[in-house]
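Participant: Predicted model and sequence follow; I will ask about them next.
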Amino acid sequence: LRERVRADLIDTVVEVMERARRVLAAAYAVEQRLGATKNLAVVAALADIRNQLTGLVHDGFITEAGYARLPDLLRYLTAIERRLDRLPGGPQRDKQQQDRIAVVQKEYQDMLAALPPARRQSAAARQIRWMIEELRVNVFAQALGTPYPVSEQRIYRAMDEAEGR
């Protein structure tokens with residue numbers, strides 16, 4: 001068993017490193033674009049994007065996301081790029097979409113605060129966090145697609161289930 005695991009481990013480590021490299025490169029590209037944008041009409045959107053970026057790529061993000069979710073992180077960052085592409089042409093529409101996401105995020109934070117500490121890290125509670133990221137893809141970069149149908153209503157149902165309602 002040790003020999004079998006050892007043989008597969010090197011390939012797995014290399015693959016994790018390659019996935020992480022792609023995520024970090026995409027995050028760097030987003031960061032560069034954020035720094036280069038000087039349009040004051042999109043300040044709120046840029047702050048939201050920066051907050052999202054910080055939530056996705058930070059110390060420990062590989063462990064938090066896990067090997068299987070690293071390609072999703074890359075897709076989320078690509079969705080941010082698409083949002084940045086469209087932002088100058090429609091800051092009002094972006095603000096409306098951002099407000100939709102903000103309502104869901106606030107509900108999620110309220111749900112987490114109401115849960116006992118031990119349940120805040122449950123698989124169901126963590127999955128909702130990723131559903132919100134998928135909602136962002138659906139709202140800001142629909143052409144990228146999501147692995148499953150996602151909407152505010154589905155997220156709210158998942159929150160009800162996580163709370164035990």
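Facilitator: Cool, the structure landed.
Participant: pLDDT value on the residue most central in space within the chain, please?
Facilitator: Nearest to the mean C-alpha position of the chain, by C-alpha atoms, centre = their mean, lies Glu133 at 3.8 Å. In the prediction, the pLDDT value recorded for Glu133 is 97.
Participant: and if you look at Asp8?
Facilitator: Note for Asp8: predicted pLDDT of 80.
Participant: Could you check how far it is from Thr63?
Facilitator: Separation of Asp8 from Thr63 (C-beta to C-beta, to the nearest Å): 20 Å. Where you see a C-beta, it was placed from the backbone N, CA and C, and this is true even at glycine.
Participant: can you check Val43 too?
Facilitator: When distance is defined by C-beta to C-beta, Val43 is 33 Å away from Thr63.
Participant: neighbour-wise, which of the two wins?
Facilitator: In terms of neighbours (other C-beta atoms under 10 Å), Val43 is the more surrounded of Val43 and Thr63; the figures are 11 against 8.
Participant: Contact partners for that one?
Facilitator: With contact taken as C-beta atoms under 8 Å, 6 or more residues apart in numbering, Val43 is in contact with no other residue.
Participant: Would you mind measuring from it to Asp94?
Facilitator: For Val43, the distance to Asp94 equals 12 Å [C-beta to C-beta].
Participant: How about Pro147?
Facilitator: According to C-beta to C-beta, Pro147 and Asp94 sit 24 Å apart.
Participant: just to revisit the earlier point, which of the helices or strands spans the residue nearest to the centre of the chain?
Facilitator: Taking DSSP states H and E as the criterion, the element that holds Glu133 is helix 123-140.
Participant: and if you look at Tyr156?
Facilitator: The secondary structure element spanning Tyr156 is helix 152-163 (assigned by DSSP H and E).
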